[in-house]
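*Asks:* Dropping a prediction and its sequence here:
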Amino acid sequence: IVMLLLATIATPTRAETAAEEGQRLFREHCRHCHDKGSANGKYTPMTLIQAQWERFFARKYERKHRKVNDDKYGGVPVTEAIDAETLEKIRTFSIDHAADTDQPMTCG
């Protein structure tokens, strides 16, 4: 009986690391418009260096995305589809894994 009970208890899943979460969010929110062959250009964290990502999120993100409707999220502007907390996680992932870091990454 004890073995049966133990077998039915769900094994806890491992929590995502910040990098895994950032990568997932980048895939979820950015990749469908910025993948290979896209008219919007292919972008992954390793496309730019850290300073370029910082400048993009500080000066260009809002301007370039506020009039772009995201069909994946009900046709609302990208700036409404991605809340502030999610955007910060995507920003951190992009900067932490930019081309000039020790761990450059794609969104894989």
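*Replies:* Ah, there it is.

*Asks:* For residue 49, list the residues it contacts.
*Replies:* When the contact criterion is CB atoms under 8 Å, 6 or more residues apart in numbering, the partners of residue 49 are 98, 99, 100. The C-beta positions use only the backbone N, C-alpha and C, and glycine is treated the same way.

*Asks:* Out of those residues, which comes closest to residue 17?
*Replies:* For the contacts of residue 49, the residue nearest residue 17 by CB to CB is residue 98; the value is 17.5 Å.

*Asks:* Throw the contacts of residue 49 into CSV and include pLDDT, thanks.
*Replies:* Shown next, in CSV, are those (pLDDT from 0 to 100):
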residue, pLDDT
98, 97
99, 97
100, 97
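
*Asks:* just the buried members of the residues you listed?
*Replies:* The neighbour count (16 or more other CB atoms under 10 Å) marks residue 98 as buried among these.

*Asks:* will you turn the contacts of residue 49 into CSV that also has secondary structure and distance to residue 80?
*Replies:* As requested, the contacts of residue 49 are arranged in CSV below (DSSP: H, G, I helix; E, B strand; the rest coil; distance: CB to CB, whole Å):
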residue, secondary structure, distance to residue 80
98, coil, 26
99, coil, 30
100, coil, 31
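
*Asks:* Select the longest helix from this protein.
*Replies:* Using DSSP state H to define each element, the chain has its longest helix at helix 84-96.

*Asks:* who's in contact with it?
*Replies:* Contacts for helix 84-96 (CB under 8 Å, 6+ apart): 18-19, 21-23, 25-26, 29-30, 45, 48, 50, 53-54, 57, 61, 82, 103, 105.

*Asks:* Among these, name the buried ones.
*Replies:* With neighbours counted by 16+ other CB under 10 Å, the contacts of helix 84-96 contain buried members at 21-23, 25-26, 29-30, 45, 48, 50, 53, 57, 61, 82, 105.

*Asks:* Thanks a lot, see you next time.
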